[in-house]
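Chemist: Just need the structure, nothing else, for what follows:
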Amino acid sequence: MKRVLILCTGNSARSQMAEAFLKRITFNRVEVFSAGTNPVSINNFAVRVMKEVGINIAQNRSKSVNEFYHDRFDFVITVCDEAREKCPVFQGSHTKIHKSFDDPASFKGSDAEKLAVFRNVRDQIKDWLTDFAERYQLI
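Modeler: Model (predicted):
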């Protein structure tokens, strides 16, 4: 079974959404994990927008990249520039991929505006991961 690690800074929104989507897209035929270089708690807006598409990430926990340091992966994906810069070297051969998505948690505005930003990033992540899974024959 292929193994994928998705990294961002806080493991609170982008990488959590990506982990959940890739599990769904690949029908759980791929082991998918997410972590952060500086983990913080799961963002409530990420939970809300994922629930809108039928995915519950409310029980997920943010994890440190250090938890996976000795694990082997087929793909290590960074979804923000900071994670790419701070990404440790993982053992074994794997494909390293970077695709930066805007940080929806950094957006300042009303709750409605924040939800719109989170939805936009959510949809971008889903579309990109669908292409990724097809390109690397994970589905």
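Chemist: going forward, measure contacts between C-alpha atoms and count neighbours the same way
Modeler: Will do.
Chemist: hang on, K126 packs against A20?
Modeler: No - at 9.5 Å, K126 and A20 do not qualify as touching, with contact defined as Cα atoms under 8 Å.
Chemist: and the gap between F90 and D71?
Modeler: F90 is 7 Å from D71, where distance means Cα to Cα, to the nearest Å.
Chemist: M1 now?
Modeler: 14 Å.
Chemist: Among these two, which residue is more densely surrounded?
Modeler: The residue with more neighbours, out of M1 and D71, is D71; 12 against 9, by other Cα atoms under 10 Å.
Chemist: which residue is nearest the centroid of the chain?
Modeler: Centroid-nearest residue in the chain, with Cα atoms, centre = their mean: S15, separated by 1.9 Å.
Chemist: you'd agree it is in a strand?
Modeler: No - counting by DSSP: H, G, I helix; E, B strand; the rest coil, S15 is not part of a strand but helix.
Chemist: Only the buried residues of the worst-scoring helix or strand of the chain on mean pLDDT, if you could.
Modeler: Every helix and strand of the chain was ranked by mean pLDDT, DSSP states H and E. The lowest is helix 81-86, at a mean of 82. Within helix 81-86, the residues scored as buried using 16 or more other Cα atoms under 10 Å are 81, 83-84.
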